[in-house]
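Asker: Next come a sequence and a model predicted from it.
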Amino acid sequence: MRLRSGVLAAGCLLLQALGVAIFLRGFFPLTVRARPRGDSRGESPAEPAPPGPGAVSNWTKIPPPLFKKVVIVLIDALRDDFVFGSKGKQFMPYTTQVIEKGTSYSFIAEAKPPTVTMPRIKALMTGSIPGFIDVVVNLNSPALLDDNLIWQAKTAGKRIIFYGDDTWVKLFPKHFVEYDGTTSFFVSDFTEVDDNVTRHLDRVLKREDWDLLILHYLGLDHIGHVTGPNSPLVGPKLREMDNILKKIHISLLSKEGEASLPSLLVVCGDHGMSETGSHGGSSEGEVHTPLLFISSAFEKRSGPLTQPELVQQTDLASTLAVGLGLPISRNSVGNLILPVVGGKTMREQLRFLHLNGFQLSSLLKENTPAYEKGKSSKKTIYKRMINVQRRMEGELRRAQTYKGGYHDGFDTYKEMVGNMKVTNPVVSSSSWSEVDVLMLAGTIGHVLSLGASSFIEEEHQTWYFLINTLCLALCQELCRNHFLLKECDPQHGTSLKQNFDGIGEASDCKNIDVPASGNSKLDKVASSAELIKGSDKWISLASPWIILICCRLLRSLNQTGVQWAHRPDFGHWLTSSEHKSELSFLAAVSLVMIFFLVQRRCSLVSKIAMALGLLGVYSYRAAIGNVVFPWQHDSKDISKGITEARFVYVFVLGIVFTGTKDLLKSQVISADSSVKSTGLWEVYSGLVLLAALLFRPHNLPVLVFCLLIQTMMTKYVWRPLKFDAAQITIMHYWFGQAFFYFQGNSNGIATVDVSAGFVGLESYVEIPAIFLTAFATYAGPLLWAIHLLCYLSSEVSRNAAAVGHGCFCYALMRSIPVAIYIVLVTGLRYHLFIWSVFSPKLLYEGVHVFITAAVCLFFTAMDQNHSQKVQD
Ligand SMILES: [Zn+2]
Ligand SMILES: [Zn+2]
């Protein structure tokens, strides 16, 4: 019956994973897409229709183009300070000169989150704001069906040439007369992606047979993902871009004498990058991109640049439409950027404004009835998005004025937990320990907090609070165990005895029956006292405090969440290029510590493999330029580190294979539990090595502290206090969740480190890339889960069904929040923050359920092995 509980849990979790998958499929309506007005052709891919004939008046007839040729240079992840800041002055001298003294207009274009490439290209070309779903289908971009600038240009007979990110080719499959798409998946490629674009440039600039040239450079984005915005690689890349802009500008100018109309060069970014080099979120660095218009039609600038004006990214579509003499895209919410047409007469400018206003008002008219009828079309979502953004600003501002709000919330929460303790003193001494009450209140409190967007954005605070409180409760438990026992007060002894008695039945997984261990309870307490003698006792008492200090240090390593994510943290300090030697030192020390914390329970072969593997991790980081060897004085070529990474993979596979072999041996040949625990530990250390390879070097201390806390907890807290399987499981789960955030993760998409998916791969391979990214993201919870299995199976001598109980409890801890969250999200589907806060969290939860299901299957397999042995 006990065995069945574990299998049942794994089965239920698999069923839930399936359910979540179906829910996600329905929740994100992939196929719903607004058809252009009056289009009822059904299945056939609809091209947007030109404005209806009734709408044309003298005033809305399209005026002639202002520019003959337009070149758009899109530099992926170009942040505003790369051009307007000190980096721009240093590395982009030509562009800076044009901005300050040339015929140009510069702006900062604000991108709306999600700051991911495909939705941003759509925003630039349609002038509308794509919904959340565009992030999900970002990897599989289907053709853009909404009215857009490219389609309008093609319809008007303009010849468009495109080179760069192949997302464009997927979005506009038949629109370019000539194109060369480069895949954006391989993020550790810094040069080839850009050379692929530039090699066409000389030829195409000489030709006359095009009207619109679009170049999308990916190298800077890739550098950001792998090495961050302060990396030494950013400067040379910016210089390369500056030279390209110079070449294009000079070539355009040289042809202008012949042409009747001037040309226009537009330089923009699709999004910026955060301080860690990723993007997707809404931090200032991610949303602010430069937007430059350079043309001889403009007036010469006289002085140095003052702060550029802030415009919306969506404004580009309407401005370019006017510039090219095209109708403004129907769904555009952008405004014409007036300075660009400032050289025209007042009457002409008025006409452009009228066109823009007319398009905006018809968009409003078109959308209002649909909105009132509550039709679930994309336009409704889109309308809601605009509302969202308008109100989000207000909300954020309000949230910022109530900065203390979170603290207040947590104080109330703390009080709530505190009250429960105070009101239950009698109960706690008889059947419920403080730890039990805390775990129950914490679990319920966390689940309830999922209904509030702020608690989701700052979920790490909940977990940090819970594990800190847990440490305090454990400290109290340890003190009672040590000091009360020493006094040998029979009454206390009895209450302690009852207390231990109660832990079994009163944990919040009540439905698990805990088998009475052979010894009487008093023996158990006495033996635990024997275990801890002399200095060990003091280490034991100090351990919760040491763990608290570790948690504090980890907390300052990565700022996460939304409210304080932009604050400088230790991780940023380490990754900046001036602190490379400090980072190298820290990484080396961390790797040595990882070795000492992991090796003691491995076999000799695994020990050697582990040492070589960790050495390989350092060489990999040195090869890609994150860290340096002491004898190395920069000026070393930076490579992709393919060989080094594969070297480590070999050892990861070797260690995991040795572990699996041991596990099989323990199952088939001998019933020796020590072989089994060595096997499990080897699998675990193989995963630690993989995590060490995939984690960014400044995150290696996270891994060290993870191992350190696990070792201390096992030796000084869990073993002596003899917690039961359910309690141990909950504590592991809590720490696992906290480590998810210690790693720098958040509930936003921006913090997913996609570069992990490319470690050691020559080109983009979908399955390994997804596996590696998922592993790197969920490494914290995963390592704690596997450690739980190691711990529980070492405890089987004390409790034969420990693994089964652990599995059951782990499944429960994971599935209850997910089940309740899905209900909450369904109820909140019209909430203001549904796309910005609740949906990303839903995706995180979904993936986590799949991972937990896999872990539980592993648990069940281990449990069955054991039960077979017992039957033998
Ligand atoms: Zn991008
Ligand atoms: Zn990117």
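Answerer: Thanks, I have the structure now. Ligands and ions are numbered 1, 2, ... in the order given.

Asker: how about the lengthiest helix in the chain: buried residues?
Answerer: The residue-count maximum for a helix in the chain (DSSP state H) belongs to helix 839-871. In terms of neighbour count (16 or more other CB atoms under 10 Å), helix 839-871 has its buried residues at 839-860, 862-867, 869. For the C-beta atoms, the positions are set from N, CA and C on the backbone; glycine is no exception.

Asker: What ranges does this protein have for its strands?
Answerer: 70-75, 104-110, 160-165, 178-182, 212-217, 264-268, 288-294, 309-312 (DSSP state E).

Asker: Compare the ones you listed and say which comes out lowest on pLDDT.
Answerer: Mean pLDDT is lowest for strand 178-182 among these, at a mean of 89.

Asker: picking up where we left off before, avg pLDDT for the longest helix of the chain?
Answerer: Throughout helix 839-871, pLDDT has a mean value of 79.

Asker: Identify the residue of the stretch 151-300 of the chain closest to ligand 1, quick one.
Answerer: With CB to the ion as the measure, Asp270 is the residue of the stretch 151-300 of the chain nearest to ligand 1, at 4.4 Å.

Asker: which residue packs closest to that residue, ignoring adjacent ones?
Answerer: With sequence-adjacent residues excluded and distances taken as CB to CB, 6 or more residues apart in numbering, Asp270 is closest to Arg120, at 3.9 Å.

Asker: cool, Trp545 as well?
Answerer: Per CB to CB, 6+ apart, closest to Trp545 is Cys475, 7.0 Å.

Asker: Spatially nearest residue to the residue in the chain that ligand 1 sits nearest to, not counting backbone neighbours?
Answerer: The nearest approach of the chain to ligand 1 comes at Thr117, 3.3 Å away (CB to the ion). In space, and not counting its chain neighbours, Thr117 is closest to Asp270: 5.3 Å by CB to CB, 6+ apart.

Asker: Surely that neighbour is in contact with Leu74?
Answerer: Yes. Here Asp270 reaches Leu74: they are 6.0 Å apart, a contact under CB atoms under 8 Å.

Asker: returning to what we had before: the residue nearest to Trp545 and Ile546 touch, don't they?
Answerer: No. Assessed by CB under 8 Å, Cys475 is found out of contact with Ile546, at 10.7 Å.

Asker: okay, these two: which has more neighbours?
Answerer: Neighbours per residue (other CB atoms under 10 Å) separate Cys475 from Ile546, with Cys475 holding more: 18 against 15.

Asker: so what's the more buried one up against?
Answerer: By CB atoms under 8 Å, 6 or more residues apart in numbering, the residues touching Cys475 are 541, 544-545.

Asker: now the helices for the stretch 251-400 of the chain?
Answerer: 284-287, 315-324, 346-373, 378-401 (DSSP state H, counting those that start in this stretch).

Asker: mean pLDDT lowest for which of these?
Answerer: Ranked on mean pLDDT, the bottom entry among those is helix 378-401, at a mean of 46.

Asker: coming back round to it: look up how far Asp146 lies from the residue of the chain closest to ligand 1.
Answerer: Between Thr117 and Asp146 the computed distance is 17 Å (CB to CB, to the nearest Å).
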